[in-house]
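A.B. asks: Quick one: sequence and predicted model below, then my questions.
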Amino acid sequence: MKLSKAHIHTLREVPGEAEVPSHIWLLRAGMMRKTVSGVYSFMQFGWRTLRKIEEIIRQEMDAAGGQEISTSPIQPAELWHESGRWGVYGPELWRLKDRHGREFALGPTAEEVVTDIIRNEVDSWRQLPINLYQIQLKYRDEARPRYGLMRSREFIMKDSYSFDRDEEGFEKSYAAMREAYTKIFTRCGLTFRPVAADNGAIGGSGSEEFMAMSDVGESDIVYCEKCDMAATTELAAGVDAAPDVTEMLPLEDVLTPATKTIEAVASYLGLSKEQTLKALLFDVYNEVPNAKGEYEHKEYVVAFLRGDREINKVKLINALGIAEHLIEFADEVKIGSATGCVGGFTGPVGLHDCRIIADSEVVGLKNLCAGANKVDHHTKNINYGRDWTADIVTDLKLVGEGDACPVCGNPLRAARGIEVGQIFHLGAKYSAKLGAKYRDEKQEEHLIEMGCYGIGVTRTMAAVVEQSHDENGIIWPISIAPYHVILTQMKPDDAVQTELAESLYKQFWDAGVETVWDERDERPGVKFKDADIFGIPIRITVGKKAAEGIVEFKLRREKENEELPVAEAVERVFALVI
Ligand code: ATP
Ligand code: MG
């Protein structure tokens, strides 16, 4: 491609809404354009890179036994009612109606649609296993679309679904997908690690997320340097402090004026935060909205943890068995009049008409201090079992840097990652709901064992930019670069330079080296700047020494350039690209 003929619009300024490098550079390099919040159009360079990522995915999926299909993003609501997810998915599900009032969703994922195909077309064990995949647009009406392609409302996803006769078969399908994912992200040039993860709205009984390591990632992970434990903080199990064996002391109400926080109470009473009990108040809503589409109040929930701990909201909603959008922090006045608690002075003794959920650790601790459910008062020496009990006792702790590894006890390390893919064991969750069955050799009927596997294709492109850029722009790995080589001609009106550039251009394309020829009538500074922004991995400059058969060879990721005889430069390019 000759750059003078191409429509490529780079931006000199950082677009106002772009905060993270991938968002900034993909816009500045003219790779994509915003259509509306969380929705993007891809221009030539961006689309070429996306197609390359897709091609890598396709090759590895096919090699792992996947069969590519394409289902419509328009999915009938009936299927979502059958699976029970019409309610669970909440406002993130992009809903629409046709002219007859029939309801649909724009697919955020496709378990229902693909399971529906399988239930209609599979009846014998002989047809299994099956692994179907597709690469297409997905829709999620995210509460806060942000960071460009990292969290958008329309994005490209590769989703696959495996169907096996039993768990043993599923294990093989899962292992093949796990290996394919490792190859895909390696070929895309990412630094990543698989970590154990929560299942979220997809459900099922186990999953792993592939995290591209990056400080701008929205996923927190913890890992152990001693054993190989690695998990999202959403999932990572907390380790309870050893039970306290001291004697229980009598309850004692104390005056604690205006001490509403754990820090204030602990310092006022001369206690450590570990000797206090933290209360968190929540309002839980009905799963099915009323006629006006509003979610009505269902119950109040009060959670208790040791004072120095943070709550893990994912563990809380999993323990309550509800979806994320059905819970929020309660209005202190409303919950106070219903349950007897007082905001800032809430404790477990004397609470009523609410569900109490306790972190497993507090059951073994003695003589804790918590609010007295009276303004400006706290109660000392509260003991689980003697003074209060909970409706649910479970691990609610948010685990972080320095906490004990749940496997070996070593202090954990924390890091941030971008979730580029996730693989799930679904078991029979969808096959049971939708009735996807097969008959075995004895004609006995069984539910099909399922797995599902997603990759955020557009998010992967952003993750590569996050990991691979500098102050001048993107640095694409060769495998997914929009073009391999940029041929920068210093003087477009110089006949010798034109002749050499043209012959290189032809030689490269003939050999399959995708080359952009910058023969624009622009100053060299502008050309070099653009080449850096685009991030094309190899730059060959045809300039003053063209007559001597010498060109400049430069890798985007390195600072120095070298003068090389043309044949040597060509050889280097071939060695890197082909
Ligand atoms: P997240 O936790 O980031 O919201 P998720 O766990 O809900 O993602 P999955 O249902 O596992 O997402 O979807 C499969 C893949 O699709 C994810 O691993 C991610 O790479 C990508 N993805 C999900 N949501 C978005 C989004 N809003 N924008 C871009 N990519 C996304
Ligand atoms: Mg996920």
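C.D. replies: Okay, I see it. All figures in this text were calculated on a predicted structure; none of them were measured in a lab. Numbering: from 1, shown residues only. Ligands and ions are numbered 1, 2, ... in the order given.

A.B. asks: Mind listing the residues bridging to residue 541?
C.D. replies: Residues in a beta bridge with residue 541, per DSSP bridges, are residue 488, residue 552.

A.B. asks: you'd agree it is up against residue 490?
C.D. replies: Yes - taking contacts as C-beta atoms under 8 Å, residue 541 lies within contact range of residue 490: 6.6 Å. Glycine gets a C-beta too; all of them are placed from N, C-alpha and C.

A.B. asks: what comes up buried for stretch 484-495?
C.D. replies: 484-492, 494 (16 or more other C-beta atoms under 10 Å).

A.B. asks: nope, stretch 17-27 is what I was after
C.D. replies: For stretch 17-27, burial by neighbour count (16+ other C-beta under 10 Å) applies to 18, 20-27.

A.B. asks: repeat for stretch 440-458
C.D. replies: Neighbour-count burial for stretch 440-458 flags 447-458 (criterion: 16+ other C-beta under 10 Å).

A.B. asks: how far does the biggest strand by length in the chain sit from the chain's center?
C.D. replies: In the chain, with assignment by DSSP state E, the single longest strand is strand 413-427. Taking C-alpha atoms, centre = their mean, to the nearest Å, one finds strand 413-427 lying 7 Å from the centre of the chain it belongs to.

A.B. asks: Does ligand 1 have contacts with the helix or strand that that strand is followed by?
C.D. replies: Later in the chain than strand 413-427, the nearest helix or strand by DSSP states H and E is helix 429-434. No - on the criterion C-beta under 6 Å from any ligand atom, helix 429-434 is out of touch with ligand 1, staying 14.0 Å away.

A.B. asks: Report the entries of the buried residues of stretch 440-458 that also contact ligand 1.
C.D. replies: Applying C-beta under 6 Å from any ligand atom to those, those adjacent to ligand 1 are 454, 456, 458.

A.B. asks: partners of the first one in the sheet?
C.D. replies: Using DSSP bridges, the beta-bridge partners of residue 454 come out as residue 159, residue 422.

A.B. asks: List the buried residues of stretch 78-96.
C.D. replies: For stretch 78-96, using 16+ other C-beta under 10 Å, the buried residues are 79-80, 82-83, 85-90, 92-94.

A.B. asks: That one spans what distance, first to last residue?
C.D. replies: 13 Å (C-alpha to C-alpha, to the nearest Å).

A.B. asks: Need the contact partners of that stretch.
C.D. replies: 77, 103-106, 108, 111-113, 115-116, 139-143, 153, 201, 287-288, 323-326, 430, 433-434 (C-beta atoms under 8 Å, 6 or more residues apart in numbering).

A.B. asks: again with stretch 335-344
C.D. replies: Where contact means C-beta under 8 Å, 6+ apart, the residues beyond stretch 335-344 that reach it are 259-261, 279, 281, 283, 300, 302, 332-333, 347, 350-354, 371, 373-375.

A.B. asks: mind listing which of those are in strands?
C.D. replies: 279, 281, 283, 300, 302, 371.

A.B. asks: For those residues, name the two members farthest from one another.
C.D. replies: Distance extremes for the ones in strands among the contacts of stretch 335-344: the farthest pair is 283 and 371 at 18.4 Å, using C-beta to C-beta.

A.B. asks: Just want to know which of these two has more residues nearby.
C.D. replies: Set residue 283 next to residue 371 and count neighbours by other C-beta atoms under 10 Å: residue 371 wins out with 29 against 18.

A.B. asks: now that one: how far from ligand 1?
C.D. replies: Look at residue 371 and ligand 1: by C-beta to the nearest ligand atom, to the nearest Å, they are 34 Å apart.

A.B. asks: tell me the contacts of the closest residue to ligand 1 within the stretch 401-550 of the chain?
C.D. replies: Using C-beta to the nearest ligand atom, the closest approach of the stretch 401-550 of the chain to ligand 1 is made by residue 456 at 2.3 Å. When the contact criterion is C-beta under 8 Å, 6+ apart, the partners of residue 456 are 155-157, 419-421.

A.B. asks: partner residues bridging the residue of the stretch 101-250 of the chain found nearest ligand 1?
C.D. replies: Nearest residue of the stretch 101-250 of the chain to ligand 1 (C-beta to the nearest ligand atom) works out as residue 155 at 3.7 Å. Judged by DSSP bridges, the bridge partners of residue 155 are residue 138.

A.B. asks: wait, what's in contact with it?
C.D. replies: Counted by C-beta under 8 Å, 6+ apart, residue 155 has contacts 137-138, 140, 149, 456-459.

A.B. asks: Grab the two from the residues you listed that are most spread out in space.
C.D. replies: Top of the distance list for the contacts of residue 155 (C-beta to C-beta): 140 and 457, 14.3 Å.

A.B. asks: and which of the contacts of residue 456 is nearest residue 550?
C.D. replies: residue 420 (42.1 Å).

A.B. asks: is it true that the closest one touches residue 190?
C.D. replies: Yes - using C-beta under 8 Å, residue 420 is in contact with residue 190, at 7.0 Å.

A.B. asks: who's more crowded, the two?
C.D. replies: Counted by other C-beta under 10 Å, residue 420 and residue 190 do not tie: residue 420 has more neighbours, with 28 against 23.

A.B. asks: which residues in the stretch 451-578 of the chain form helices?
C.D. replies: Ranges of helices within the stretch 451-578 of the chain are 457-467, 495-510, 524-534, 566-577, based on DSSP state H, counting those that start in this stretch.

A.B. asks: okay, those helices in TSV with mean pLDDT next?
C.D. replies: Shown next, in TSV, are these (pLDDT from 0 to 100):
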stretch	mean pLDDT
helix 457-467	98
helix 495-510	98
helix 524-534	96
helix 566-577	98
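
A.B. asks: Redo the buried residues of stretch 484-495 as TSV? Include distance to residue 54.
C.D. replies: Compiled in TSV, the buried residues of stretch 484-495 are given as follows (distance: C-beta to C-beta, whole Å):
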residue	distance to residue 54
484	18
485	22
486	23
487	26
488	29
489	32
490	36
491	38
492	35
494	40
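
A.B. asks: near ligand 1 too, which of those?
C.D. replies: Applying C-beta under 6 Å from any ligand atom to the buried residues of stretch 484-495, none is adjacent to ligand 1.

A.B. asks: Mind checking which of those land in strands?
C.D. replies: Using DSSP E, the buried residues of stretch 484-495 in strands are 485-489.

A.B. asks: And these, which is closest to residue 506?
C.D. replies: Closest to residue 506 out of those is residue 487 (10.8 Å), distances taken as C-beta to C-beta.

A.B. asks: Make sure the closest one is actually in contact with residue 517.
C.D. replies: Yes - contact criterion C-beta under 8 Å: residue 487 and residue 517 qualify, at 4.6 Å.

A.B. asks: Is any residue of the least confident helix or strand in the chain by mean pLDDT near ligand 1?
C.D. replies: One helix or strand of the chain scores below all others by mean pLDDT, DSSP states H and E: helix 85-88, with a mean of 87. No - Helix 85-88 is not in contact with ligand 1 by C-beta under 6 Å from any ligand atom; minimum separation 11.9 Å.

A.B. asks: hey, C-alpha coordinates of that helix in CSV?
C.D. replies: Coordinates of each C-alpha in helix 85-88 appear next as CSV, following Å, rounded to 0.1, in the frame of the first residue of the first chain:
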residue,chain,number,x,y,z
ARG,A,85,-30.9,-16.0,32.6
TRP,A,86,-33.3,-13.4,31.3
GLY,A,87,-33.5,-12.0,34.9
VAL,A,88,-30.0,-12.9,36.1
